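K.L.:
what's the 3D shape of this:
(one chain, ligands or ions: 2)
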Amino acid sequence: MSKIEELISEIKKLKKEKNAIILGHNYMDYGVQLVSDFTGDSYDLAVKAMKTNSDVIVFAGVYFMAEQAAALNQDKKVLSPDPNAGCSLSDSLDAETLLKYKKMYPDAPVVLYINTSIHAKALADYIVTSSTAVKVVSSLDSDVILFGPDANLANYVEKKTGKKLVKVPPNGRCIVHASYTRQIVRLARKKYPNALLMAHPESPLEVLEEADFVGSTNQMINFAKESQAKEFIVATELGMINALQIQVPGKTFYPLLTTEACACARCPYMAMITLEKVLRSLREEVYEVMVPHDVAERAKRAFENTMSLLSRK
Ligand code: 13P
Ligand code: SF4
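P.N.:
Ligands and ions are numbered 1, 2, ... in the order given. I've put the predicted structure just below:
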């Protein structure tokens, strides 16, 4: 048995013993995706966390995702394999800054991208993901809407909805997607002339304008499955190639950027979640994600507001 097979078999055994599930983001390493009970995008995993009957949830993703799962499941033990796995977007907006904006625009609804700390989420009216942001913003009546922390996603939402957003903060960025440019896209197009380009809305508008498809990581998987095309350039974090290869066999996926071209191609935070850490997390039941009850309740309400708004559409 190889080292990876040993780790996977030990993880599977412990999952049964502890009535645990592993939720894995689409950007995880290949082995972590194989051992996950569910893989998905931020929205999908948040919903899965609400529906599970397991006693323990190991969240194989970055910390804000584990916090979100903990807020939605206060009766369950939610574990993060590495609580230092942060996110440049989440780090760009704290609750104090958001409070200042709320004071400046007291009547404006607050729409926050899920890549935010739980304390900021507790001050929001709606929590959106890359797959729900356009729908939520387009259904809001207000002329003034606070939106954060991703300025690129905000630009995309403005373009799709025709609404003007107050960006909170003005320049929040994902360190991976913000490094893509039109020039990089054009070079990739030249190299792979038969491939369609799929891009994540955390990318700059000049990249999204070049794309054949814009969507969340799950929406990309569905697009690749349904498309007649056989080759795709993937403008999102490098781990996504694992998810596509596992879920869409028989098609070819080229990352827009590789780590040879730029270290920024792989999210350093996502890369912190390894199979070894997932095993330790399950075995020692570390690190439990604790969210104060009142904060969890307020963040949960903002998430549920989005779900009920989407179900009315
Ligand atoms: P989605 O999986 O929701 O598309 O988000 C991508 C991301 O950057 C998560 O950190
Ligand atoms: Fe945050 Fe970007 Fe990493 Fe996603 S890929 S966790 S948005 S830094």
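
K.L.:
from Glu288, how far off is the residue nearest the centre of the chain?
P.N.:
Nearest residue to the geometric centre of the chain (C-alpha atoms, centre = their mean): Ser42, 4.0 Å. Separation of Ser42 from Glu288 (C-beta to C-beta, to the nearest Å): 21 Å. For every residue, glycine as well, the C-beta is placed using N, CA and C.

K.L.:
cool, Leu14 as well?
P.N.:
From Leu14 to Glu288 the distance is 16 Å (C-beta to C-beta).

K.L.:
more neighbours: which of those two?
P.N.:
Leu14 (18 against 14; other C-beta atoms under 10 Å).

K.L.:
now do the contacts for that one.
P.N.:
Counting by C-beta atoms under 8 Å, 6 or more residues apart in numbering, Leu14 touches Ala20, Leu279, Leu282, Arg283.

K.L.:
for the closest residue in space to His293 that isn't next to it in sequence, what are its contacts?
P.N.:
Among residues not flanking His293 along the chain, Gln74 sits closest, at 6.7 Å (C-beta to C-beta, 6 or more residues apart in numbering). Going by C-beta under 8 Å, 6+ apart, Gln74 touches Val291, His293, Ala296.

K.L.:
which of those residues has the largest number of neighbours?
P.N.:
Val291 (24 neighbours).

K.L.:
that one in helix, strand or coil?
P.N.:
coil (DSSP: H, G, I helix; E, B strand; the rest coil).

K.L.:
correct me, but it touches Ala71?
P.N.:
Yes - with contacts counted by C-beta atoms under 8 Å, Val291 reaches Ala71, the gap being 5.0 Å.

K.L.:
tell me who's in contact with Phe59.
P.N.:
So Phe59 contacts Leu23, Leu45, Ala49, Met65, Ala66, Ala69, Val78, Leu79, Ser80, Pro81, Val289 (C-beta under 8 Å, 6+ apart).

K.L.:
lowest-confidence helix or strand of the protein?
P.N.:
Confidence across the helices and strands of the chain bottoms out at helix 42-51, with a mean of 88, counting by mean pLDDT, DSSP states H and E.

K.L.:
ok, residues contacting that one?
P.N.:
Outside helix 42-51, the residues that reach it (C-beta under 8 Å, 6+ apart) are 23, 25, 38, 40, 57, 59, 61, 65, 68-69, 72-73, 78, 114-115, 129-132, 216, 218, 303, 307.

K.L.:
try 6 Å
P.N.:
Leu23, Phe38, Gln68, Ala69, Leu72, Asn73, Ile114, Thr129, Ser131, Asn218 (C-beta atoms under 6 Å, 6 or more residues apart in numbering).

K.L.:
grab the nearest non-local neighbour of the first one.
P.N.:
Going back to what we said before, that points to Leu23. Leu45 (4.8 Å).

K.L.:
out of the contacts of Phe59, who's the most crowded?
P.N.:
Going by other C-beta under 10 Å, Ala66 tops the contacts of Phe59 with 30 neighbours.

K.L.:
and it, which helix or strand is it part of?
P.N.:
helix 63-72 (DSSP states H and E).

K.L.:
so how far is that helix from its chain's centroid?
P.N.:
How far helix 63-72 lies from its chain's middle: 12 Å, per C-alpha atoms, centre = their mean, to the nearest Å.

K.L.:
spell out which residues of the protein are next to ligand 1.
P.N.:
With C-beta under 6 Å from any ligand atom as the criterion, the chain meets ligand 1 at residues 26, 41-43, 87, 115, 129-130, 174, 200, 202, 216-217.

K.L.:
flag the least confident of those.
P.N.:
Within the residues of the chain next to ligand 1, Tyr43 has the lowest pLDDT, namely 81.

K.L.:
can you give me the helices for the stretch 101-250 of the chain?
P.N.:
Here the stretch 101-250 of the chain has its helices, by DSSP state H, counting those that start in this stretch, at 118-121, 133-138, 151-161, 182-191, 205-208, 217-226, 240-247.

K.L.:
how about the second one: buried residues?
P.N.:
Buried residues in helix 133-138, counted by 16 or more other C-beta atoms under 10 Å: Ala133, Val134, Lys135, Val136, Val137.

K.L.:
ok, back up a step: what lies in contact with the helix holding Ala66?
P.N.:
By C-beta under 6 Å, 6+ apart, helix 63-72 touches 46, 49-50, 57, 59, 78, 80, 83, 85-87, 90, 115, 118, 289, 291, 296, 299-300.

K.L.:
what does the chain put close to ligand 2?
P.N.:
Within reach of ligand 2 by C-beta under 6 Å from any ligand atom, the chain has these residues: 62, 87-89, 115, 174-176, 202, 237, 267, 269-270.

K.L.:
switch the cut-off to 8 Å
P.N.:
27, 61-62, 64, 85-90, 115, 150, 174-177, 202, 236-237, 267-270 (C-beta under 8 Å from any ligand atom).

K.L.:
count of residues packed around Ala271?
P.N.:
By other C-beta under 10 Å, the burial measure for Ala271, its neighbour count, is 16.

K.L.:
if I look at the nearest residue to Ser203 once chain neighbours are set aside, how far off is Tyr126?
P.N.:
Among residues not flanking Ser203 along the chain, His177 sits closest, at 4.5 Å (C-beta to C-beta, 6+ apart). To Tyr126, His177 is 22 Å away according to C-beta to C-beta.
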